[in-house]
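# Need a 3D model of the sequence below.
(one chain, ligands or ions: 2)
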Amino acid sequence: MRTLSGNIMWHQGTITKKDRRLLNRHDSFTLWFTGLSGSGKSSLANEVEKRLFEMGFRSYILDGDNIRHGLNSNLGFSPDDRKENLRRIGEVSKLFVDAGVITLAAFISPYQVDRDMVRKMFPNGEFIEIFISCPLEICEWRDPKGLYLKARKGELKEFTGISAPYEPPVSPEVVIETGKHSISECVDQIIRYLKLKGKI
Ligand SMILES: Nc1ncnc2c1ncn2[C@@H]1O[C@H](COP(=O)(O)OS(=O)(=O)O)[C@@H](OP(=O)(O)O)[C@H]1O
Ligand SMILES: Nc1ncnc2c1ncn2[C@@H]1O[C@H](COP(=O)(O)OP(=O)(O)O)[C@@H](O)[C@H]1O
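Ligands and ions are numbered 1, 2, ... in the order given. The predicted model follows:
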């Protein structure tokens, strides 16, 4: 990423990511949950974090709705704003991973190019893309916040799945089908993957 000023030097601290991981006694990485609104990103990020917490891992959730209340409150849902939203979240996730924390990021992140941009911010293996796959009809039936109803009535513009696109990931590390399995089965699948890959 190009900076606006050319006169900025990187300051390397004495304590490194490796040191922090050694202190924590575990690896750090980002779990990136992508999927339609209502697919189950927040519910699963929350349940996975609970499991990790019980197992003694340090973690933190970055969730679309919450981040858009603060850090990204100046951004809307145009393609450019979504890109900037995800660029900032990617950078924040990277700081958390540098701090030795397992980061769970739950964002619709509808465009492949934007998810690839975030992936490139991380060394190999530190960005784990989890596609929360769920048919639009089921998401719309769940409609936990009543947003699909508003979008169908035309009260919400550029709503993902209705009037804005969602591009399914090309090669995610994990695919979770929330329309076919219970929340606890989905959590088991994610935890199994992390154990299999030696991440936890
Ligand atoms: N137009 C439109 N399109 C999609 N979503 C909308 C929109 N307007 C508001 N919301 C609410 O914002 C949440 C999505 O924010 P994200 O930051 O995850 O979106 S994105 O990654 O930048 O595309 C999303 O949260 P989730 O339902 O948890 O996905 C919605 O609650
Ligand atoms: N297997 C599942 N995984 C995740 N959520 C599920 C599942 N089955 C049903 N649900 C329900 O679907 C809804 C998903 O909402 P939410 O987690 O807010 O989605 P998102 O963050 O993607 O918008 C919740 O009400 C949740 O209880």
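
# Every contact and neighbour count from this point should use C-alpha atoms.
Noted.

# Would you indicate which residues of the helix or strand that contains D114 are buried?
For D114, the element it lies in under DSSP states H and E is helix 112-119. For helix 112-119, a neighbour-count test (16 or more other CA atoms under 10 Å) marks 114-115, 118-119 as buried.

# who's in contact with whatever helix or strand R21 lives in?
In this structure, R21 is located in helix 17-24 according to DSSP H and E. With contacts defined as CA atoms under 8 Å, 6 or more residues apart in numbering, helix 17-24 is touched by 27-28, 57-58, 97-100.

# before we move on, the earlier item: what's downstream of the helix holding D114, the next helix or strand?
For helix 112-119, the following helix or strand on the C-terminal side (DSSP H and E) is strand 127-133.

# Indicate whether that next one makes contact with ligand 1.
No. Figure legend: strand 127-133 not in contact with ligand 1 (CA under 6 Å from any ligand atom); closest approach 10.8 Å.

# what's that strand packed up against?
Helices and strands touching strand 127-133, by 3 or more CA pairs under 8 Å, 6 or more residues apart in numbering; DSSP states H and E, are strand 30-34, strand 174-177.

# what's whichever helix or strand comes after the first one in contact with?
Tracing the chain past strand 30-34, the next element assigned as helix or strand by DSSP H and E is helix 41-54. Under the contact criterion CA under 8 Å, 6+ apart, helix 41-54 has outside partners 33-35, 58-61, 63, 104-107, 132, 183-184, 186-187, 190-191.

# Just those residues: which are in helices?
Those of these mapping onto helices are 183-184, 186-187, 190-191, per DSSP state H.

# Now render these as CSV, adding neighbour count, distance to ligand 2 and pLDDT.
Putting the ones in helices among the contacts of helix 41-54 into CSV (neighbours: other CA atoms under 10 Å; distance: CA to the nearest ligand atom, whole Å; pLDDT from 0 to 100) gives the following:
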residue, neighbour count, distance to ligand 2, pLDDT
I183, 17, 4, 98
S184, 12, 7, 98
C186, 21, 6, 98
V187, 21, 8, 98
I190, 19, 12, 98
I191, 16, 14, 98
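
# Perfect, I'm done here.
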